[in-house]
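Student: need coordinates for the below:
(one chain, ligands or ions: 2)
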Amino acid sequence: MPSAIPKQIPLPSWTPPAKTQHELPWAELSVIDLSQFDSPGGKEKLADQLKEAVSRDGFFSVTGTDIPAEEVNRQYAIATAFFNLPFEERGCPESRCDFAKGNYFGYRAMHEKKMKGTDILDNVESINIPKYIPSLSSEPRHPFLEQFSSELEAFQHRSFDVVRKIFTLFALILELPASYFVDRHLYDDRSEDHLRYMRYHPRSLLDDAKIDNTWSRSHTDFGSLTLLWSQNVAGLQIKTHDGDWRYVRPVDGGIICNVGDTLSFWSAGYFKSTIHRVVRPPPDQDGNYRVGLFYFVRPGDEVDIAPAPSPLLKRMGMVPEDLSSIKPVKGYEYVRERVRNYHDHQDYADRKGQKFRVGDLEIEDEVA
Ligand SMILES: O=C(O)CCC(=O)C(=O)O
Ligand SMILES: [Fe+2]
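Tutor: Numbering: from 1, shown residues only. Ligands and ions are numbered 1, 2, ... in the order given. Predicted structure coming up:
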């Protein structure tokens, strides 16, 4: 009898690394239980919970997403199989990111950039997988991953189910029509969205000490919303509203979410695009790879980014009554230019105090 379950290519199974035993200065982030979303009054209740988190921290986590743990672990298994390919294979020329064009799709090798003006090399490799839609068919896709394309596409749709719920809550918070942000981030519209696998390689204590233990520079995310599947290897830190660096705690079965630059622009800065970074993990976790699974949501290429006509923001005086004088920037233009500006260098210098501007949209990666 034919089976209804699609056959999976066998891979070694993946189990999450153990959590750290070290007591770290953790951030107190809100946990939003999305299983309440469809219950009567659920969306309004969740929007209320989210409102404070998103205007204060810009980071929160979601649980109750319905994504089975096996599907998440399978993604890590595929990521691990990919990163374990010989370098010549995983870094094949046709799958590389093209930073000169601000194109982040494809593979980014580690050891290609110097860190903070030293000779220490960057320790992160990543692969960004575009959506499976015809308008993205000529973007770089790695041949190894294409054998898993039906699973990758299904997982992107799973991610989108979560994203749509969060965008609906954001619209409710700003008192906008419920589909305001959903409509500007449609799976079928061309955008720079990607599913990402990322692997950090351990570095020696000595080398890390020369670059303030930096595994990823402090930055804000370039798009609208980032989903980071909960990560047991500590290292991700956010800069809180009172200026302290605090670690993001793993949330079992959860997804850490953060607002990026473009959603911050839409909300005139009400939703915080919070500065974050990754530092060397604590001593019980610093000798292994740190593998991450993400979905980065970018605005549709043709979508206008400009402050939204939110009654809440108008009452707060954050946007003017008449928005017609504000010149929007297109999603594609903003994201491509930001990626090029951030990555098309030989040195990952500290960006403290540097500003980046496209049209009327301006970002300061870390205030000096
Ligand atoms: O690796 C992490 O935990 C965060 C990475 C990150 O912030 C990014 O890639 O934008
Ligand atoms: Fe980030």
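Student: okay, now the residue of the stretch 101-250 of the chain found nearest ligand 1: neighbour count?
Tutor: Of all residues in the stretch 101-250 of the chain, the one sitting closest to ligand 1 is residue 236 (3.8 Å; C-beta to the nearest ligand atom). No exception for glycine: its C-beta is placed from N, CA and C like everyone else's. When neighbours are defined as other C-beta atoms under 10 Å, residue 236 has 25 of them.
Student: also residue 8?
Tutor: Neighbours of residue 8 (other C-beta under 10 Å): 12.
Student: now that it has come up, it's in contact with residue 154, right?
Tutor: No - assessed by C-beta atoms under 8 Å, residue 8 is found out of contact with residue 154, at 11.4 Å.
Student: which parts of this protein sit against ligand 1?
Tutor: For the chain, the residues in contact with ligand 1 (C-beta under 6 Å from any ligand atom) are 198, 216, 221, 228, 231, 236, 276, 278, 292.
Student: in a markdown table: the residues you listed, plus pLDDT and secondary structure.
Tutor: Output for those, formatted as a markdown table (pLDDT from 0 to 100; DSSP: H, G, I helix; E, B strand; the rest coil):
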| residue | pLDDT | secondary structure |
| --- | --- | --- |
| 198 | 98 | strand |
| 216 | 95 | strand |
| 221 | 95 | coil |
| 228 | 98 | strand |
| 231 | 96 | coil |
| 236 | 98 | strand |
| 276 | 96 | strand |
| 278 | 98 | strand |
| 292 | 98 | strand |
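Student: which of these count as buried?
Tutor: 198, 216, 221, 228, 231, 236, 276, 278, 292 (16 or more other C-beta atoms under 10 Å).
Student: in the stretch 51-200 of the chain, which spans are strands?
Tutor: For the stretch 51-200 of the chain, the strands defined by DSSP state E, counting those that start in this stretch occupy 59-63, 106-108, 114-115, 124-129, 194-200.
Student: report the distance from the second one to the chain centre.
Tutor: If I follow you right, that is strand 106-108. Per C-alpha atoms, centre = their mean, to the nearest Å, the displacement of strand 106-108 from the mean C-alpha position of its chain is 15 Å.
Student: give me the contacts around that strand.
Tutor: With contact meaning C-beta atoms under 8 Å, 6 or more residues apart in numbering, strand 106-108 is reached by 90-92, 95-98, 124-128, 139-142, 343.
Student: and with 7 Å instead?
Tutor: Strand 106-108 is contacted by residues 90-91, 95-97, 125-128, 140, 142 when judged by C-beta atoms under 7 Å, 6 or more residues apart in numbering.
Student: not counting residues beside it along the chain, what's closest to the residue of the stretch 101-250 of the chain closest to ligand 1?
Tutor: Leaving aside its sequence neighbours, residue 236 sits nearest to residue 248 (C-beta to C-beta, 6 or more residues apart in numbering; 4.5 Å).
Student: so which helix or strand takes in residue 49?
Tutor: Using DSSP states H and E, residue 49 falls within helix 42-56.
Student: list the buried residues of stretch 332-352.
Tutor: For stretch 332-352, a neighbour-count test (16+ other C-beta under 10 Å) marks 332-343, 348, 350-351 as buried.
Student: between which two of those is the distance greatest?
Tutor: 332 and 350 (28.2 Å; C-beta to C-beta).
Student: all helices of this structure, in order?
Tutor: Using DSSP state H, the helices of the chain run over 42-56, 69-83, 87-90, 143-146, 149-173, 205-210, 261-266, 311-315, 331-343.
Student: mean pLDDT lowest for which of the ones you listed?
Tutor: Lowest mean pLDDT within the helices of the chain: helix 331-343, a mean of 92.
Student: for that helix, packing partners?
Tutor: In terms of contacts (3 or more C-beta pairs under 7 Å, 6 or more residues apart in numbering; DSSP states H and E), helix 331-343 is packed against strand 355-358.
Student: by contact count, what packs against the strand it packs on?
Tutor: helix 331-343, strand 361-364.
Student: make CSV out of those and add distance to residue 58.
Tutor: Below are the helices and strands packed on strand 355-358 laid out as CSV (distance: least, C-beta to C-beta, whole Å):
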stretch, distance to residue 58
helix 331-343, 17
strand 361-364, 13
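Student: can you check which of the ones you listed gets nearest to residue 27?
Tutor: strand 361-364 (21.1 Å).
Student: just the buried residues of the closest one, please?
Tutor: Buried residues in strand 361-364 (16+ other C-beta under 10 Å): 361, 363.
Student: quick one: contacts of that strand?
Tutor: By C-beta under 7 Å, 6+ apart, the list of residues contacting strand 361-364 reads 220, 261, 265, 305, 329, 334, 355-356.
Student: report the buried members of the residues you listed.
Tutor: For the contacts of strand 361-364, buried by 16+ other C-beta under 10 Å: 220, 261, 265, 305, 329, 334, 356.
Student: setting aside sequence neighbours, what's the nearest residue to the second one?
Tutor: Read it as residue 261. residue 273 (4.9 Å).
Student: rewinding a little: buried residues in the helix holding residue 49?
Tutor: Buried residues in helix 42-56 (16+ other C-beta under 10 Å): 43, 46-47, 49-51, 53-55.
Student: for the buried ones among the residues of the chain next to ligand 1, give me CSV that also has distance to residue 119.
Tutor: Rendered in CSV, the data for these read as follows (distance: C-beta to C-beta, whole Å):
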residue, distance to residue 119
198, 23
216, 19
221, 28
228, 30
231, 29
236, 26
276, 26
278, 20
292, 26
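Student: nearest to residue 269, of those residues?
Tutor: Using C-beta to C-beta, those come closest to residue 269 at residue 221, 14.9 Å.
Student: isn't that closest one up against residue 260?
Tutor: Yes - counting by C-beta atoms under 7 Å, residue 221 touches residue 260, with 3.6 Å between them.
Student: overlap in contacts of those two?
Tutor: Counting by C-beta under 7 Å, 6+ apart, the shared contacts of residue 221 and residue 260 are residue 273.
Student: since that was my last question, I'll sign off now.
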